[in-house]
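K.L.:
Here you go, sequence then predicted model.
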Amino acid sequence: MALRGASTGQLARSLRAAWGQQQSRALVTQSLPDLPYDYSELEPVICAEIMELHHKKHHQTYVTALNATAEKFAEADYKGDIATMIALQSALKFNRGGHVNHSIFWTNLVPPKDFEPPSGELLKAIESNFGSLDNMISIFSPKTAAVQGSGWGWLGYSKDSGKLVLETTANQDPLSTKGLVPLLGVDVWEHAYYLQYKNVRPEYLKNIWKIVNWKNVAERLEAAK
Amino acid sequence: MKPDAAFSSAYSYSGPFQNLTLQPLPYPYEGLEPYIDTTTMKLHHDVHNKAYITNANAALAEAPQAAKSLTLLGLNHNVGTDLFGKPALNTAFQNNAGGAWNHAFFFKCMSPAGSSPSGNAPAQGGALAKAIDAAFGNFTAFKANFSEGATKRFGSGFEWLLVQPDSGNKLVTTSTPNQDNPLQQSAEVKGIPILTLDVWEHAYYLKYNATRPAYIKNWWNVVNWPYVEENYGKATQGVVPVVASS
């Protein structure tokens, strides 16, 4: 087998050929997750029209674009076309990030009738990091309202320090880009609230606390530790 | 980077000012129907645009003396230089002086459907039409290029047609994120804007929801071509379109 001077792609294929293995592309197709509640169940905090558009149109678009981009990426990878692989990076970030972020967001919310405040380990962690839940909210909301353009506000967990951290990300950048595990995300792209709240993003952020699924946040914290 | 003092004198208006004011819409709120709805125009102008002006004035109150004597254009030209001192102030002007200029310009770039004598294109055989053909092949190709850029701008931002004096008055398209614009020193692609399209979701969401491409397609019906042609003429002489009297 002439390995000297072979590119990585050629090397991989040579090795696989030598071992009698077929080149395979394990491409996982992503799909739109179902919401854990009906479109109207988050009212009056978020109206049904927003929920339906947000889920069926916006999130679906990220999933569709992600699958198409991932397919192209795998193709380029197979051919050893690194220029294309690099060119596809931002589309992967947008669309995978959009899919990941929205998938987390849907689970972070719960109908108002089922709302329960945080308790147990999660509450302890919130109190030890921020003093109280109210204090955490008083930092989270303005910080998230101040996101320029499109983005997200987050409660994250730092594996390094064991602390809870409040952060924001731009566009669909996932929180992992800031080295944190996402526990709670709040979408502040205008599509998340505009039909109901118009430009009054702070009002949306004030009301969203009525539908945060703290059980889910607690589960995410446990899983992250 | 050194503050760009040259710009403030080259492009000054009737005098220095400290308080930016909201420019009136050049047409009634319903003037761009059915392509852009009345409620959107009301919110976009009276609320979103106004907020940028309010925030820019607030930033001016905190800004160094040198910044206080700048025009809205001068403020934009100095975004990305050392003029504002603190990075937080530079960001405040990037977003709010940017927002104020961008919206005043965007609203002027539009006029009621059917009001351009040359129809939905610049005057045939005119300087701009010729320049578009030279740069993009033909008008249809230009529209496709601009529309694609507007569609692909991820998140919030604007799509621009601009003249680049530094490269022989080349006509180029580019998009910027958030409230950045090609006048700002920190812009990746700099030049004199002659046409813009706002693709922030608030610009179209009430009527078009998630379908930005439908908004872009319809927007071509309300482009104010005489204004764009006037902008082109001035830009080729190095002059930026005037969007505010104060």
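P.N.:
Done, it's in.
K.L.:
which residues does the closest residue to residue B:111 other than its chain neighbours contact?
P.N.:
Distances taken as CB to CB, 6 or more residues apart in numbering or on different chains place residue B:224 nearest to residue B:111, at 3.8 Å, with adjacent residues excluded. Backbone N, C-alpha and C define where each C-beta goes, glycine included. Residue B:224 sits next to B:108, B:109, B:110, B:111, B:115, B:116 when contact means CB atoms under 8 Å, 6 or more residues apart in numbering or on different chains.
K.L.:
can you pull the pLDDT of residue 76?
P.N.:
Picking chain A for this. The per-residue pLDDT reported for residue A:76 equals 95.
K.L.:
Chain B, not that one
P.N.:
In this model, residue B:76 is scored at 96, pLDDT.
K.L.:
Let me know how buried residue 110 is, in neighbour terms.
P.N.:
Using chain A. 20 (other CB atoms under 10 Å in any protein chain shown).
K.L.:
please go with chain B instead
P.N.:
Using other CB under 10 Å, residue B:110 has 26 neighbouring residues.
K.L.:
same question, the one 5 residues further on
P.N.:
Around residue B:115 there are 13 other residues, counting by other CB under 10 Å.
K.L.:
So stretch B:156-163, near chain A or not?
P.N.:
Yes: counting by CB under 8 Å from any CB of the partner chain, chain A is contacted by stretch B:156-163 at B:156, B:157.
K.L.:
What average pLDDT does that stretch get?
P.N.:
The model assigns stretch B:156-163 a mean pLDDT of 98.
K.L.:
tell me the pLDDT at the residue nearest to residue B:111?
P.N.:
97.
K.L.:
For it, grab phi and psi.
P.N.:
Here is the backbone geometry of residue B:224 (degrees, to the nearest 10): phi -90, psi 80.
K.L.:
Hmm, residue A:33 and residue A:103 touching each other?
P.N.:
Yes: applying CB atoms under 8 Å, one finds residue A:103 in contact with residue A:33, separated by 5.4 Å.
K.L.:
Can you give me the separation between the residue lying farthest from the centre of chain B and chain A?
P.N.:
Residue farthest from the centre of chain B, counting by CA atoms, centre = their mean, is residue B:65 at 26.3 Å. Look at residue B:65 and chain A: by CB to the nearest CB, to the nearest Å, they are 27 Å apart.
K.L.:
OK, contacts around that residue?
P.N.:
So residue B:65 contacts nothing (CB under 8 Å, 6+ apart).
K.L.:
what does chain B put close to chain A?
P.N.:
Going by CB under 8 Å from any CB, the residues of chain B near chain A are B:43, B:47-48, B:51, B:95, B:154-157, B:177-179, B:200-202, B:205-206, B:209-210.
K.L.:
switch to 6 Å and redo it
P.N.:
When proximity is defined by CB under 6 Å from any CB of the partner chain, chain B lies next to chain A at B:43, B:47-48, B:95, B:154-156, B:178, B:201-202, B:205, B:209-210.
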